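A.B. asks: Quick one: sequence and predicted model below, then my questions.
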Amino acid sequence: MNRIVPLILAVALFMEQMDSTVISTSLPAIAADLGVGPITLKLALTSYMVSLATFIPLSGWMADRFGAKRIFRLAILVFVAGSILCAVADSLIAFVVSRFLQGMGGAMMTPVARLVLVRSTSRSELVSAMALLTIPALVGPLAGPPLGGFITTYFSWHWIFLINVPVGVIGYILSGIYLPEIRAAAPPPLDWTGFFLSAIAASGTMFGLSVISLPALPPIVGISATVIGLTCGVLYVRHARRHPTPLLDLNLFRDSAFRAASIGGTLFRISVGAVPFLMPLMLQVGFGLSPFQSGLVTFTGAVGAITTKFIAKRVLTFAGFRTTLIVAAICGTVLTFVNGFFTPATPFWFMALVLLVAGLARSFFFTSVNALSFADISDEDASKATSMTAVLQQMSLAMGVAVAGTILEIETSLTGSPLELRDFQIAFMVISAITITAVIPFITMAKNAGAAVSGHRLAAPEEETAAVK
């Protein structure tokens with residue numbers, strides 16, 4: 001495997017993943033410059049997520065039609081253009097529109113990068129390659145808050161976006177040199193009905209969940225958007241069953257490995273979306289830390305995520321997908337539950353250790369589940385699988401933030417008092433109860449599922465008998 005290929009893709013994905021959270025600690029400074037309130041500016045966070053949800057389903061078809069390498073490089077340019085416009089924006093509308101443009105680039109970058117990797121990597125090397133792509137997905141959201149706080153405190157919030165320019169230019173040049181040319185196919189005509197239904201379903205649900213959990217608008221707006229999104233989702237399912245070549249192909253779920261990875265991964269990602277939302281807030285509201293200090297504490301989880309890259313292949317070869325995913329899901333759940341016992345008296349070294357091991361468990365889980373998703377998928381269906389997995393990923397992350405925010409809202413409404421440490425502790429425990437359900441799809445999975453990718457071999461009874469003879 002040419003290791004520079006996944007490295008280039010990983011750097012681009014880190015840039016995209018980090019920007020999804022980097023402005024969270026910089027909202028007050030940006031809002032002050034734009035003359036609006038911080039809560040109002042959270043619409044910029046929402047517009048980015050809505051853009052991702054809208055255009056991700058289109059990414060697989062575009063990669064097949066125009067070539068994955070070409071679309072990936074175009075996505076980098078769009079993302080960089082959006083970053084520049086964010087830095088020079090002088091009004092709320094300009095900033096929100098610029099973030100939407102950034103999201104368009106990010107929507108193409110993530111699934112197309114995965115598609116390039118799947119099509120340019122042998123099945124036996126897929127785990128090692130996916131380990132590299134998993135790192136930015138976990139490190140980016142954790143690195144965003146402390147980096148955003150540092151840049152805003154010691155420089156200017158504009159550099160949060162301008163720093164993407166040299167990274168994007170380097171990524172564009174290197175991708176042109178090193179990424180393999182993946183021949184454009186002749187896909188069927190674009191399923192326009194499916195595109196509009198899936199776009200409204202995903203963006204409506206994402207927008208609704210974001211507004212409910214981050215009340216920048218009246219709650220009825222979020223509830224209405226969510227209902228519209230879910231309704232269009234049901235309509236899309238009916239449409240996809242009748243259309244010969246739907247944009248998001250539901251037939252992918254007939255593959256048992258893909259189905260288990262999708263369901264289990266979606267349930268587990270709820271905690272991944274909730275924890276980066278809950279932990280910094282708990283450290284600031286409950287412990288009295290500054291945004292930068294809380295970001296430094298949570299960043300220890302990134303170290304655990306990086307460590308996985310070096311041992312994921314060996315662990316999967318030894319234990320296989322089924323055992324690894326079950327153990328990683330249980331460990332991730334237990335460690336999330338432990339977060340609910342943190343208090344200001346808890347030593348920082350202990351919190352850092354818990355977050356470090358939790359990052360390790362989550363990285364193992366997602367390296368495994370991402371590789372398992374493509375274990376039995378043909379090259380012809382790879383583009384459809386990348387679009388589907390990317391949509392489910394964004395939806396589940398948004399759901400995690402929404403569930404966590406809703407729990408906090410319920411707690412404060414029941415107690416009639418502002419947020420306090422106890423509210424966060426309860427939220428972590430509820431999220432843990434949801435996360436443990438991710439184990440269920442893998443318990444029913446075959447022990448040797450995805451063996452061609454993991455390298456894990458279980459001797460059949462006939463082989464064992466022959467060996468004895």
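C.D. replies: Noted; the coordinates are in hand. Residues are numbered from 1 along each chain as shown.

A.B. asks: Need the phi and psi values for residue 207.
C.D. replies: Taking degrees, to the nearest 10, you get phi -60, psi -40 for the backbone angles of residue 207.

A.B. asks: ok, it - contacts?
C.D. replies: Applying C-beta atoms under 8 Å, 6 or more residues apart in numbering to residue 207 gives the contacts 46, 49-50, 222, 225, 229. The C-beta positions use only the backbone N, C-alpha and C, and glycine is treated the same way.

A.B. asks: change it to 6 Å
C.D. replies: 46, 50, 225 (C-beta atoms under 6 Å, 6 or more residues apart in numbering).

A.B. asks: which element is residue 352 on?
C.D. replies: For residue 352, the host element (DSSP states H and E) is helix 348-373.

A.B. asks: Give me the angle between the helix or strand just after that helix and helix 348-373.
C.D. replies: As assigned by DSSP H and E, the chain's next helix or strand after helix 348-373 is helix 382-415. Counting by axes from the mean of the first three to the mean of the last three C-alpha atoms, to 10 degrees, helix 382-415 points 140 degrees away from the direction of helix 348-373.

A.B. asks: Quick check: mean pLDDT of helix 382-415?
C.D. replies: Taken as a whole, helix 382-415 carries a mean pLDDT of 81.

A.B. asks: buried set for it?
C.D. replies: Neighbour counts using 16 or more other C-beta atoms under 10 Å place 382-405, 407-409, 411 of helix 382-415 among the buried residues.

A.B. asks: Residue 419: which of the contacts of residue 207 is nearest?
C.D. replies: Looking at those and their distance to residue 419, the nearest is residue 46, at 21.0 Å (C-beta to C-beta).

A.B. asks: ok, the closest one touching residue 212?
C.D. replies: No: applying C-beta atoms under 6 Å, one finds residue 46 not in contact with residue 212, separated by 10.8 Å.

A.B. asks: The two: which has the busier surroundings?
C.D. replies: Counting neighbours by other C-beta atoms under 10 Å for residue 46 and for residue 212 shows that residue 46 has the greater number, 25 against 22.

A.B. asks: burial of the closest residue to the more buried one other than its chain neighbours, as a residue count?
C.D. replies: What sits nearest to residue 46 in space, not counting adjacent residues and going by C-beta to C-beta, 6 or more residues apart in numbering, is residue 210, at 4.3 Å. The burial metric for residue 210, expressed as a neighbour count using other C-beta under 10 Å, is 27.

A.B. asks: Please report how far residue 210 lies from residue 372.
C.D. replies: Per C-beta to C-beta, to the nearest Å, residue 210 is found 29 Å from residue 372.

A.B. asks: and what of residue 221?
C.D. replies: When C-beta to C-beta is applied, the distance between residue 221 and residue 372 equals 38 Å.

A.B. asks: do residue 322 as well
C.D. replies: Between residue 322 and residue 372 the distance is 9 Å, computed by C-beta to C-beta.

A.B. asks: Looking at those two, which one has more neighbours?
C.D. replies: It is residue 372, of residue 322 and residue 372, that has more neighbours when counted by other C-beta under 10 Å, with 30 against 22.

A.B. asks: Name the residues that touch stretch 44-63?
C.D. replies: Stretch 44-63 is contacted from outside by 71, 95-96, 99-100, 103-104, 106-108, 111-112, 115, 187, 190, 198-199, 202-203, 206-207, 210, 247-248, 383-384, 386-387, 390-391, 394, using C-beta under 6 Å, 6+ apart.

A.B. asks: Pull out the buried members of the residues you listed.
C.D. replies: Applying 16+ other C-beta under 10 Å to those, the neighbour count classes 71, 95-96, 99-100, 103-104, 106-108, 111-112, 115, 187, 198-199, 202-203, 206-207, 210, 247-248, 383-384, 386-387, 390-391, 394 as buried.

A.B. asks: Among these, which ones are in helices?
C.D. replies: With helices identified by DSSP state H, the entries of these that belong to them are 71, 95-96, 99-100, 103-104, 106-108, 111-112, 115, 198-199, 202-203, 206-207, 210, 383-384, 386-387, 390-391, 394.

A.B. asks: Residue 266 contacts residue 397, doesn't it?
C.D. replies: No: with contact defined as C-beta under 6 Å, residue 266 and residue 397 do not form a contacting pair (9.7 Å).

A.B. asks: And for residue 418, the neighbour number?
C.D. replies: Each residue near residue 418 was counted by other C-beta under 10 Å, and the total is 8.

A.B. asks: likewise the one 4 residues further on?
C.D. replies: For residue 422, the count of nearby residues is 13 (other C-beta under 10 Å).

A.B. asks: same check, this time on the one 10 residues further on
C.D. replies: Using other C-beta under 10 Å, residue 432 is surrounded by 20 other residues.

A.B. asks: Tell me the secondary structure of it, please.
C.D. replies: Using DSSP: H, G, I helix; E, B strand; the rest coil, the three-state assignment for residue 432 comes out as helix.
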